[in-house]
Every structure is written in structure tokens, then in C-alpha cells.
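J.: Make a model of this:
(one chain, ligands or ions: 1)
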Amino acid sequence: MSDQIYVIGHVNPDTDSIAAALGYAWLLRERDKAPAVAARAGAVNPQTAWVLKRLNLDAPILFTDASPRFESIMQRLDTIRPENQLGAAWTLASRTGGIAPVVGEDGKPFGIINGLSLFKYFTETLGPRPGDTTVREMMSASCREAADTAVPKYAANAKIRDMLNKILRDEYNDYWVVDESGRYLGIAHQREVLNPPRLKIILVDHNEPRQAIAALDEADLLEILDHHRLGNPSTHQPIRFTVDVVGSTSTLVSELTAEAGLSMPPALAGALLAGLLADTLILTSPTTTARDNDAAQRLARWAFVGGSPLEGETIESYGKAILSAGAGLSNRDPKDVVSTDIKSYDSGGFKFAVAQAEVTDLLQLTEHLQLLCSALDDLRDKRGLDFAMLLITDIVRGSSRLLVSGSAPPILDDLPYPPLSDGTRDAPGVVSRKKQLLPVVLGLLER
Ligand SMILES: [Mn+2]
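T.: Numbering: from 1, shown residues only. So this is what the prediction gives:
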């Protein structure tokens, strides 16, 4: 596990973030023979779920925190039963480096036999001078008697960092690692507990720690591949760092694949094409570059071949299906609408978040407006933000309306989007949070 490299996108993952992780992990395996696996930092949104299903692909593994856990250092040592004779513990300990875990029939830890517990047991039963007791006699006692039953237990998914104080106080050399029902999984040794291996992480589609999995600073950050503004953490080592002005991270992955002289499997190319088309609103968003157009052509060539799940599609037909899979307010809980595609920022002394939702018609906003506004206020309060925004984008007409949470800082009165009578702001021609809305907001907050 510690050798593995996790390629992971931002929290509240969108299709580009998932596709780029899948695609880049594949490229690292294929081109560099690196042990890379794709991961995701949160639940798959409805659009991405549709894309993965369409392509028969599995979602990357869920990974929300980079802090090392007991499961990453435990050893699955073989076990013996309490009723076994000490001789069995002796044999086992000779293979495990001096420790024999004693586990009950119910799978739960009973006690640990090691040099110290044995010594203690024999001193207690035989006295300070064992006389002519033979080793055979000594070894015929039951493991139950000689096991130390006070060894601390830790849950496999508990963070080592959270338990360090207790571990240092306990002064044990070995610990139980158990599952949620308290059953034996393995043994952790103190030397690894005090110096657990750091997870190896590659960030795609983001570079700001606020948008990354928790405890990123406890992992080794190996590389960043992205297309957003800079807000990257500092590192101890030089890392490969690629941030380029293109419409999607999927574009960058497809370029690197072509540069390596490789072609992607059709389903994976289909996922990257989905990420590209979703991020650029089918190559119409102002973030779209000539390189995105080239990448879309290349990915379509790989993805639409005969026999592929996308055989017969065109960029236009596939793109429209992707966008409508993620669009609409009617079938979604307002709480989901304001939190599914959301990014948090910290700027000019303000903590805020900007969510985006896509619709095929802004008229549907009216009937959902009140609930969306209160969901936005709830979100602001729950996350302790100064304000929250929701950009509702009409992907057919290429225009948006902006909702700002209540009692927003007065500085936002200067937003260049005229207020309408329903309390929303009109943002004609705005479709990109990253390239159009965010620079305006940051400009106001930082002046
Ligand atoms: Mn992206």
C-alpha cells in the first residue's frame, strides 16, 4: 500500500476531476510503469455517474483524508487460540519476530504473548528459582495464562496522529489493530506508529489545499497537473508541476498521452472527452482554447471507434447528453444543488464558497429560488463562511444568474451583475466560475 501513488482530484469532484484522475493514473502505469491508482475526494455527482455508467467504468476509490491510519502500518500476523499450549505460541513467535497474537473464537483479541509476558508468567508461577521444571512442562501451559490482556486496541481506520499521545503514554511496543466490530485485523509496532509511511499523492484538476483532501500536509505531494489559478502549498522537494491555461485537465492528460505515442482505451478516452466537454460546455465556454479543440478531436478518434460503448456518437451528441445528465433543478434536493459542485476560497480576509449548477432553462429557477436561497444560507452558516454564492448557468443560452447568501459583506454590492427584482443578479454571458466570476469576486475582495 505504501508504494502506491494516488492520483486524485478536488473535493466535490466534477467529471473532469474524476476523468483526469482515471486517465492520468492510466498514463503513469502505461508510460512509466508507476504503481498509480485513481482516487476521488468525494461522492460522484449525477453527471459523472451517468458518464461512468455509459462507459461501463468503475468510479475511482474514495479517499477523503491523507492522514496515515493504523491499517497502513499493521501486519496481519498469524494467530493462536487461548486454549492452545504455549508451545504453539513459541513456534508462532519464532516466525513473527517474537510475538504471538492470541485471538478468541469470536475473532476478538484475547492477549499478546511476547518475551515480556512469558517472563512475567514464569516468574509468577515458578517463583524466582524454577528448579528442575523442564521446558516441555513450561510449554504445556495454556496461552490464556501467559498472554498480556491489557494491550491497547486501535481501529484500523483511526488516524495514528489522533492516538499519538495515548500511544506514548502507554509505553507498549505492539498494539492490536481491529475492525469496526472489534475483531482482530493485525498488529502495529511502535516503531512504525511513530514514523508511519506517508501517502504518495498526485493532485489533478486543483492545486489549492482548501480544495484538496484533508491532511494533505501529512502526505508526500509528488506532482500537480491542473488548469486553475495558483494557490498551491509549498513542498520540501521539487515536484513536477504543470498548470496550463486550457479548458480542462482532461485536455492535458490527452496531450501527454499523445506525446508518449500512446492511444487510450476507448472507454477511458470517452471519460476524458466527457471531462473536457463538461468543463468547456461542449467547447463553447470562454475557457476553451485551440488545444481543447484538438484534444476533443483526438479523444473522439479514440473513443468513438467501432465496438466502443460510444460507437456512432459525435462530439455534439455525446456532449449534449453529458450536459443534460448533470443539468436541472427539479429532481434535486436544494441542499445538493448548492453543495455538489462547490469550491471554497480564502481571500482578502474572507472565507467563501462558490457553487455552480447547470440548467437548460433559467425559467425553472423561479419555482426553486426560495429553497435554494435558504439552502445557501444554511451552507454558509454550517461551514462558517462569510458568504456563499450559487451560479446557475443556462448551458443552452450560455448565461447565468447569481445567488448570493443573505447578509453578505457590503463590498459585494459592487458586483458588476445587475440585481433583479427576485433578489438574484443577472450575469449575461457568464458561464465560467473560474475564468469569469471568480476573478471579479477576488478583485473586489482584495482591493
Ligand atoms: Mn477541470
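
J.: The ion contacts on this structure?
T.: Residues of the chain lying close to the ion by CB under 5 Å from the ion are 16, 205, 248-249, 279. All C-beta atoms are positioned from the backbone trio N, CA, C, and that covers glycine.

J.: Dump the residues you listed to JSON lines, plus secondary structure and neighbour count.
T.: Below are these laid out as JSON lines (DSSP: H, G, I helix; E, B strand; the rest coil; neighbours: other CB atoms under 10 Å):
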{"residue": "16", "secondary structure": "helix", "neighbour count": "29"}
{"residue": "205", "secondary structure": "coil", "neighbour count": "30"}
{"residue": "248", "secondary structure": "coil", "neighbour count": "32"}
{"residue": "249", "secondary structure": "helix", "neighbour count": "32"}
{"residue": "279", "secondary structure": "helix", "neighbour count": "28"}
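
J.: and which of those is nearest the ion?
T.: The closest of those to the ion turns out to be residue 16 (CB to the ion; 3.5 Å).

J.: hey, which strand is longest across this structure?
T.: Ranked by residue count, the top strand of the chain under DSSP state E comes out as strand 350-359.

J.: pLDDT of it, averaged?
T.: In this model, strand 350-359 carries a mean pLDDT of 95.

J.: Over to stretch 129-144?
T.: 85.

J.: can you give me how far that stretch is from the chain middle?
T.: Computed by CA atoms, centre = their mean, to the nearest Å, the chain-centroid distance of stretch 129-144 equals 53 Å.

J.: And it, what's buried?
T.: 138, 141-144 (16 or more other CB atoms under 10 Å).

J.: Let me see the residues that make contact with that stretch.
T.: Residues outside stretch 129-144 that contact it (CB atoms under 8 Å, 6 or more residues apart in numbering): 80-90, 100, 102, 110-111, 113, 121-122, 125-126.

J.: now the strands for the stretch 1-150 of the chain?
T.: Along the stretch 1-150 of the chain, the stretches classed as strands by DSSP state E, counting those that start in this stretch are 5-8, 36-40, 61-62, 99-103, 109-114.

J.: actually the stretch 301-447 of the chain, sorry about that
T.: Assigned by DSSP E, counting those that start in this stretch, the stretch 301-447 of the chain shows strands spanning 342-347, 350-359, 387-394, 399-404, 425-427.

J.: mind checking pLDDT for the residue positioned nearest the centre of the chain?
T.: The centre of the chain sits closest to residue 41, judged by CA atoms, centre = their mean, with a distance of 2.3 Å. pLDDT recorded at residue 41 is 97.

J.: what about it, distance to residue 60?
T.: Look at residue 41 and residue 60: by CB to CB, to the nearest Å, they are 10 Å apart.

J.: what residues are shared contacts of these two?
T.: Each of residue 8 lies in contact with both residue 41 and residue 60 under the rule CB under 8 Å, 6+ apart.

J.: For ChimeraX, write a command that selects the buried ones of the contacts of stretch 129-144.
T.: Per 16+ other CB under 10 Å, the buried members of these correspond to this ChimeraX selection:
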select :80,82,84,86,88,89,100,102,110,111,113,121,122
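
J.: So which of the contacts of stretch 129-144 are in helices?
T.: Cross-referencing the contacts of stretch 129-144 against helices under DSSP state H gives 86-90, 121-122, 125-126.

J.: Looking at those residues, which one is closest to residue 185?
T.: Compare each of these with residue 185 using CB to CB and the shortest gap goes to residue 89, at 19.6 Å.

J.: Identify the residue nearest the closest one in space, chain neighbours excluded?
T.: The shortest distance from residue 89 to any non-neighbouring residue, by CB to CB, 6 or more residues apart in numbering, is to residue 100 (3.9 Å).

J.: rewinding a little: now, the most widely separated pair of the buried residues of stretch 129-144?
T.: Across the buried residues of stretch 129-144, the longest distance by CB to CB is 14.9 Å; it joins 138 and 144.

J.: any idea which of the ones in helices among the contacts of stretch 129-144 is the one closest to the ion?
T.: Checking the ones in helices among the contacts of stretch 129-144 against the ion by CB to the ion gives residue 89 as the nearest, at 55.9 Å.

J.: highest average neighbour count across the strands of the stretch 1-150 of the chain?
T.: strand 5-8 (a mean of 27; mean count of other CB atoms under 10 Å).

J.: Tell me how far the closest residue to residue 92 other than its chain neighbours lies from the ion.
T.: Nearest residue to residue 92, sequence neighbours excluded (CB to CB, 6+ apart): residue 100, at 4.4 Å. Separation of residue 100 from the ion (CB to the ion, to the nearest Å): 52 Å.

J.: Contact partners for residue 100?
T.: 79-80, 88-90, 92-93, 112-114, 143.

J.: okay, how far is it across stretch 134-149, tip to tip?
T.: Distance between the two ends of stretch 134-149: 26 Å, counting by CA to CA, to the nearest Å.

J.: May I see the buried residues of stretch 55-74?
T.: Within stretch 55-74, the residues that qualify as buried are 55, 57, 59-60, 63, 65-74, counting by 16+ other CB under 10 Å.

J.: just stretch 216-225 next, same as before
T.: Buried positions in stretch 216-225, judged by neighbour count with 16+ other CB under 10 Å: 216, 218-219, 221-225.

J.: Then stretch 248-265?
T.: 248-258, 264.

J.: ditto for stretch 375-384
T.: 375-380.

J.: Could you list the low-pLDDT ranges of the protein?
T.: 1-2 (pLDDT under 70).

J.: can you do 80?
T.: Flagging of the chain using pLDDT under 80 yields the residue ranges 1-2, 128-132.

J.: just to revisit the earlier point, can I get the CA coordinates of the longest strand of the chain in PDB?
T.: Provided in PDB are the C-alpha atoms of strand 350-359 (Å, rounded to 0.1, in the frame of the first residue of the first chain):
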ATOM      1  CA  PHE A 350     -12.900  36.400   3.600                       C
ATOM      2  CA  LYS A 351     -13.800  32.800   3.700                       C
ATOM      3  CA  PHE A 352     -16.300  32.000   1.000                       C
ATOM      4  CA  ALA A 353     -17.600  29.300  -1.400                       C
ATOM      5  CA  VAL A 354     -18.900  29.400  -4.900                       C
ATOM      6  CA  ALA A 355     -21.200  26.700  -6.100                       C
ATOM      7  CA  GLN A 356     -22.400  26.200  -9.700                       C
ATOM      8  CA  ALA A 357     -25.400  24.400 -11.000                       C
ATOM      9  CA  GLU A 358     -26.400  23.900 -14.600                       C
ATOM     10  CA  VAL A 359     -29.800  24.200 -16.100                       C
END
